[in-house]
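[1] Below is the sequence, then the predicted model.
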Amino acid sequence: MLAFGTYDAAAHPRVQVLVDGLRERGADVRELNEPLGLDTARRVELLRKPWLLPVLVARLGRRWLTLARRARRLGRAEWPSHVLVGYLGHFDVLLARVLFPASTIVLDHLIFAAGTARDRGVGTGVRTALLSGLDRLAIAAADVVVTDTAEHAAQVPARRRRDAVVVPVGATQAWFDAGERAARTDETGGGPLAVVFFGLFTPLQGAPVIAEALRLLDARGVRIRATLVGSGQDAAAVRAVLAGIGPGSAVVVTWHDWLGAAELPDLVAGHDVCLGIFGGTGKARAVVPNKVYQGAAAGCAVVTSDTEPQRRAFGDAAVFVPPGDAAALAGALEALTDRRALARLRAA
């Protein structure tokens, strides 16, 4: 089997979870990968500013030429029976279809381009119509379509739905290792409740809800040590809400605009609670984000929004609050300042 495309496993670990899982189950998985170097936020920016699209086209063209040359060098014995096209592979799957016409093409269709653009504030119109067409074209080029939830599988065109399989996002081994290290050193014991959120601050993630919950907890005098990691669309709104929390407050906030992928697991594992998503968008109700799997793997208690896919994934092993409800989130975090309740949830 060949993992193929311009994916970046460091920035988007989903494909690494799939590759590791296949290898652990005995599959011989080789990789033919030339990372594009444009994250999801940058790609959405290109959609908002169509005059920048030549940047994407030029960069993608260079990566494709390299991939095509490397594919031609594969010997007959190395020719793959299956090709796994990694996350954000809407274009790469088309190249895979051309380069490997006799192989079974497996597309990791974790996100639908049109839905993601709408979630990031790109309005309906020509652009989203084109992205919907891109989604359909990518699915048509694949033999097997992998999604992360049943809700996303239901968005696959009806004529292709029998070819769709659901594989949860999961977490790489690095997160489990970080949790074990934290447990051995007892990094999270004692002191204020330590809460962490990391992400791209998109509407799906609902970071302003987290900020408002922290403000409410500070007003009540509940001691919280909160760490926020990342930046993005809603970051300015979050900072505005948190501006009222000053020195000497019950809630202490530390913000890292950026943290390397290798550093993030240990930082998260050093906290009691990992926050999931709290947005009320349609996309937010259809996903189980990687951060909840990663936080759980790192040994944290998980608090996230009350949606069908997240309840199916975690059952009683997480605390669920209504999407967009800062007061409910504040109440859930205050309840976890009881160390016995916190220990039960972390064990779950």
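    Thanks, I have the structure now.
[2] which residues in the stretch 1-150 of the chain form strands?
    2-5, 30-33, 82-85, 104-108, 144-147 (DSSP state E, counting those that start in this stretch).
[3] which one of these is the most hemmed in?
    strand 2-5 (a mean of 27; mean count of other Cβ atoms under 10 Å). Bear in mind the C-beta positions are built from the backbone N, C-alpha and C, glycine included.
[4] Quick one: list the elements packing against that one.
    helix 14-24, strand 30-33, strand 82-85, helix 92-99 (3 or more Cβ pairs under 8 Å, 6 or more residues apart in numbering; DSSP states H and E).
[5] at 7 Å what do you get?
    Judged by 3 or more Cβ pairs under 7 Å, 6 or more residues apart in numbering; DSSP states H and E, the packing partners of strand 2-5 are strand 30-33, strand 82-85, helix 92-99.
[6] among these, which is nearest residue 173?
    strand 30-33 (16.8 Å; Cβ to Cβ).
[7] Report all helices and strands that the closest one contacts.
    With 3+ Cβ pairs under 7 Å, 6+ apart as the test, strand 30-33 has strand 2-5, helix 53-72 packed against it.
[8] With mean pLDDT and distance to residue 291 added, can I get the helices and strands packed on strand 2-5 in JSON lines?
    Formatted as JSON lines, the helices and strands packed on strand 2-5 follow (pLDDT from 0 to 100; distance: least, Cβ to Cβ, whole Å):
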{"stretch": "strand 30-33", "mean pLDDT": "97", "distance to residue 291": "24"}
{"stretch": "strand 82-85", "mean pLDDT": "98", "distance to residue 291": "23"}
{"stretch": "helix 92-99", "mean pLDDT": "97", "distance to residue 291": "25"}
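[9] And these: which comes nearest residue 313?
    strand 82-85 (22.4 Å).
[10] What distance do you get for the spatially most central residue of the chain to residue 218?
    Nearest to the geometric centre of the chain sits residue 290, at 4.1 Å (Cα atoms, centre = their mean). Distance, residue 290 to residue 218, by Cβ to Cβ, to the nearest Å: 29 Å.
[11] now do residue 226
    Taking Cβ to Cβ as the measure, residue 226 and residue 218 are separated by 10 Å.
[12] now swap in residue 301 and tell me
    Taking Cβ to Cβ, one finds residue 301 at 20 Å from residue 218.
[13] which one of these two has more residues nearby?
    residue 301 (28 against 22; other Cβ atoms under 10 Å).
[14] Provide a list of residues in contact with that one.
    272, 273, 336, 342, 345, 346 (Cβ atoms under 7 Å, 6 or more residues apart in numbering).
[15] Then residue 231?
    Each residue near residue 231 by Cβ under 7 Å, 6+ apart is listed here: 201, 257.
[16] I'd like the strands of the stretch 1-150 of the chain as TSV, with distance to residue 178 appended.
    Shown next, in TSV, are the strands of the stretch 1-150 of the chain (distance: least, Cβ to Cβ, whole Å):
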stretch	distance to residue 178
strand 2-5	24
strand 30-33	24
strand 82-85	26
strand 104-108	24
strand 144-147	26
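[17] Would you check the distance separating stretch 304-323 from the middle of the chain?
    Distance of stretch 304-323 from its chain centroid, counting by Cα atoms, centre = their mean, to the nearest Å, is 16 Å.
[18] I should have written stretch 96-103 there, sorry.
    Worked out by Cα atoms, centre = their mean, stretch 96-103 lies 28 Å from the chain centre.
[19] just to revisit the earlier point, what's the most buried one of the helices and strands packed on strand 30-33?
    strand 2-5 (a mean of 27).
[20] Contacts for it, please.
    15, 19, 29-33, 80, 83-86, 89, 92, 96.
[21] with those residues in mind, which one is nearest to residue 6?
    Looking across the contacts of strand 2-5 and measuring by Cβ to Cβ, the closest to residue 6 is residue 92, at 5.6 Å.
[22] Fine by me, thanks again.
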